[in-house]
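>>> Pasting the sequence and the predicted model now:
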Amino acid sequence: MSLSQAQKKAFRSIGHHLNPVVTVSENGVSENLLAELNRALTDHELIKVKLALPERDDRAAMITELIANSRADLVQTIGKMALLYRRNPQVNPKLSNVTRFENHHGRH
């Protein structure tokens, strides 16, 4: 699924206020990391991932691997942060960052 520019803009606005829920270290992708990533995407749909890797090329490769393994869409990367989205048709509205913040769009 490819996100439209309007969707990406709305998700970036929501994502700005999120804290990372998954951190990828130099150890790479493990089964536990993928399990946590999938749980977070299922619960929250839109999540921030911190990539604790010093090299830009390593971070890009890691993002590609995470997206391939989680079937998520990349919304944005800034430095060592990546914003990922995966739609969940049976999401809990109290957990979904998209549902909880859909009318905020950065305004308080």
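It's in. Residues are numbered from 1 along each chain as shown.

>>> mind listing the helices in the chain by residue range?
Assigned by DSSP state H, the helices in the chain fall at 5-15, 31-44, 56-70, 97-101.

>>> mind putting these in CSV, mean pLDDT, distance to residue 82 and mean neighbour count included?
For the C-beta atoms, the positions are set from N, CA and C on the backbone; glycine is no exception. Converted to CSV, the helices of the chain look like this (pLDDT from 0 to 100; distance: least, Cβ to Cβ, whole Å; neighbours: other Cβ atoms under 10 Å):
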stretch, mean pLDDT, distance to residue 82, mean neighbour count
helix 5-15, 93, 10, 16
helix 31-44, 95, 11, 16
helix 56-70, 94, 5, 15
helix 97-101, 88, 15, 18
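
>>> closest to residue 78 out of those helices?
Set against residue 78 and scored by Cβ to Cβ, the helices of the chain come closest in helix 5-15, at 9.4 Å.

>>> Which one of the helices of the chain lies nearest to residue 23?
The nearest among the helices of the chain, by Cβ to Cβ, is helix 31-44 at 8.8 Å.

>>> rewinding a little: now distance to residue 85 too, for the helices of the chain, in JSON lines please.
Formatted as JSON lines, those follow (distance: least, Cβ to Cβ, whole Å):
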{"stretch": "helix 5-15", "distance to residue 85": "6"}
{"stretch": "helix 31-44", "distance to residue 85": "8"}
{"stretch": "helix 56-70", "distance to residue 85": "10"}
{"stretch": "helix 97-101", "distance to residue 85": "8"}
